[in-house]
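[1] Need a 3D model of the sequence below.
(2 chains)
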2 protein chains.
Amino acid sequence: LIRFASGDWVIDRPEDQGEGSAPRNGADLPARADARRSLDALLHAAKAVFARSGVDAPVREIADQAGVGLGTLYRHFPRRADLIAAVFRREIDACADAAPILSAEHAPFDALAGWIRRYAAFVAAKRGLAKALHSGDPAFDTLPGYFDQRLRPALRSLLKAAIAAGEVRADVDADELLGAVASLCMSAHSGEPGRAERMVALFVDGLRHGASNR
Amino acid sequence: LIRFASGDWVIDRPEDQGEGSAPRNGADLPARADARRSLDALLHAAKAVFARSGVDAPVREIADQAGVGLGTLYRHFPRRADLIAAVFRREIDACADAAPILSAEHAPFDALAGWIRRYAAFVAAKRGLAKALHSGDPAFDTLPGYFDQRLRPALRSLLKAAIAAGEVRADVDADELLGAVASLCMSAHSGEPGRAERMVALFVDGLRHGASNR
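    Now for the predicted structure:
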């Protein structure tokens, strides 16, 4: 049985390592496409399993759900922290990438409000990872920087458009907003269901108070 | 020299204990009034010294600022945690007592907004005590309950009046609000100066969005 342990993978009974012999030659395009597919499947499965069973879930559960062997999992992610960090980066990417899509499909205020809800849901879902992220493991060192680098411009552009449209007051700083919404979501989990959503909605309504065009 | 240590008072060189011989007879009214005066002075001084030098400040500094002897300080507060808890309770009382005063002097929304600012300042000022409060010392056991017991009714009455006047939307829960403002203040201290105040102001403006009378 192979399980996650406190930091690195712990292998009690090595098995299923035969898959490690797959070709890793860069010129072998079908193999590269395979590797990308198995990476995608692993990240997708890990996200679901972490959400369901926590970041200490048995690694077998993730490999099974991804439909890959344990050897493939270890090849991509030698340590558990590597997998956790990769899942987190991918979630940051998905949240940042939602900004231009919302912006193209909605009026500026609605795009902004929709993105803040999306971001709040991301923060709330990642509460379980917070302890791992603050464990000091070097695998997580670049994550806070990546978070800022991707999410700050996403919110800035939405906020700028909503201010330009007169739908939101002009005296609001996107970076402060990002931190404030995160703190509302991190702390509201102990209350009634929907509490974080209600508090974030109140906050978003504050954004349009005093706007020229509402 | 007598200083605060990690939990209890530490007395390196006993001195100035002569004051302990003051009459403690309950029927002795002047002495009782004296005791109340020295208690007030100690709490006032402790609040200022804790804010300036932290809760590990030398006890001599507090006694000196209060104009009382160390014996008096020890008689009122045998342990450091007792003094910290007493300062905290007094701050909670002052914040709760501000509600009816604001309510008498201002229109409902302004009274509500003013009280939330007052409460936010209280939470921000008490950040330094947060570690002590979560130390597990039994002297602090009743503080969270006292906080709720005094501050929830204060905010509820202000919110109710503002909703009744149509100045604030009706779908807001006072207890959730109390928690949300606290989390904004606790987390915003690491940012730019005034950040917590700006975020709380945004939140308060959200309260009047959709109100019938604004």
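
[2] Pretty sure residue A:210 sits against residue A:172.
    No: under the criterion of CB atoms under 8 Å, residue A:210 is not in contact with residue A:172, lying 10.3 Å apart. Where C-beta positions appear, they are placed from N, C-alpha and C, glycine not excepted.

[3] between these two, which one's more packed in?
    residue A:172 (16 against 12; other CB atoms under 10 Å in any protein chain shown).

[4] what sits against the more buried one?
    Counting by CB atoms under 8 Å, 6 or more residues apart in numbering or on different chains, residue A:172 touches A:159, A:163, A:207, B:202.

[5] can you rerun that using 10 Å?
    A:159, A:162-163, A:206-207, B:198-199, B:202 (CB atoms under 10 Å, 6 or more residues apart in numbering or on different chains).

[6] any idea of the pLDDT on it?
    pLDDT recorded at residue A:172 is 89.

[7] Now do the same for it: helix, strand or coil?
    With DSSP: H, G, I helix; E, B strand; the rest coil as the basis, residue A:172 sits in coil.

[8] Disregarding residues adjacent in the polypeptide, which is nearest to the residue nearest the centre of chain A?
    Central residue of chain A (CA atoms, centre = their mean): residue A:91, 2.3 Å from the mean position. Nearest residue to residue A:91, sequence neighbours excluded (CB to CB, 6 or more residues apart in numbering or on different chains): residue A:122, at 6.0 Å.

[9] Are we agreed that that neighbour is in a strand?
    No: counting by three-state DSSP, residue A:122 falls outside a strand, being helix.

[10] Can you give me every residue that contacts it?
    A:88, A:91-92, A:94-96, A:98, A:151, A:182, A:185.

[11] tell me which of those residues is nearest to chain B?
    residue A:182 (7.7 Å; CB to the nearest CB).

[12] re the thing from before, got a winner among the contacts of residue A:172 for most neighbours?
    Busiest of those [other CB under 10 Å] is residue B:199, holding 28 neighbours.

[13] And the helix or strand harbouring that one, what does it pack against?
    Using DSSP states H and E, the element containing residue B:199 is helix B:195-208. Helices and strands touching helix B:195-208, by 3 or more CB pairs under 10 Å, 6 or more residues apart in numbering or on different chains; DSSP states H and E, are helix A:174-187, helix A:195-208, helix B:108-125, helix B:143-164, helix B:174-187.

[14] closest to residue B:71 out of those?
    Proximity to residue B:71, assessed across the helices and strands packed on helix B:195-208 by CB to CB, is greatest for helix B:143-164 (26.8 Å).

[15] tilt between the closest one and helix B:174-187?
    Calculated by axes from the mean of the first three to the mean of the last three CA atoms, to 10 degrees, helix B:143-164 forms an angle of 120 degrees with helix B:174-187.

[16] Show me what counts as buried in helix B:143-164.
    Within helix B:143-164, the residues scored as buried using 16 or more other CB atoms under 10 Å in any protein chain shown are B:143, B:146-147, B:150-151, B:154-159, B:161-163.

[17] Please export the C-alpha coordinates of it as PDB.
    What follows is helix B:143-164, C-alpha atoms only, in PDB (Å, rounded to 0.1, in the frame of the first residue of the first chain):
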ATOM      1  CA  LEU B 143     -13.700  36.600  27.200                       C
ATOM      2  CA  PRO B 144     -15.100  35.300  23.900                       C
ATOM      3  CA  GLY B 145     -18.400  34.800  25.500                       C
ATOM      4  CA  TYR B 146     -18.300  38.300  27.100                       C
ATOM      5  CA  PHE B 147     -17.400  39.700  23.700                       C
ATOM      6  CA  ASP B 148     -20.500  38.200  22.100                       C
ATOM      7  CA  GLN B 149     -22.700  39.000  25.000                       C
ATOM      8  CA  ARG B 150     -21.900  42.700  25.000                       C
ATOM      9  CA  LEU B 151     -21.100  43.500  21.400                       C
ATOM     10  CA  ARG B 152     -23.800  41.500  19.600                       C
ATOM     11  CA  PRO B 153     -26.800  43.300  21.200                       C
ATOM     12  CA  ALA B 154     -25.000  46.600  20.600                       C
ATOM     13  CA  LEU B 155     -24.700  46.100  16.900                       C
ATOM     14  CA  ARG B 156     -28.100  44.400  16.600                       C
ATOM     15  CA  SER B 157     -29.900  47.500  18.100                       C
ATOM     16  CA  LEU B 158     -28.100  49.900  15.800                       C
ATOM     17  CA  LEU B 159     -28.700  47.700  12.700                       C
ATOM     18  CA  LYS B 160     -32.400  47.300  13.600                       C
ATOM     19  CA  ALA B 161     -32.900  51.000  13.900                       C
ATOM     20  CA  ALA B 162     -31.100  51.700  10.500                       C
ATOM     21  CA  ILE B 163     -33.200  49.000   8.800                       C
ATOM     22  CA  ALA B 164     -36.400  50.400  10.300                       C
END
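
[18] when you scan it, is anything in it near chain A?
    No: using CB under 10 Å from any CB of the partner chain, helix B:143-164 stays clear of chain A, with a minimum separation of 12.4 Å.

[19] So for that helix, mean pLDDT?
    The pLDDT scores in helix B:143-164 average 95.

[20] Then stretch A:177-196?
    79.

[21] Name the residues of it that are buried.
    Neighbour-count burial for stretch A:177-196 flags A:177-188, A:191, A:195-196 (criterion: 16+ other CB under 10 Å).

[22] pLDDT wise, what is residue A:13 at?
    We have a pLDDT of 37 for residue A:13.

[23] and residue A:64, how many neighbours?
    Using other CB under 10 Å: residue A:64 sits among 14 other residues.
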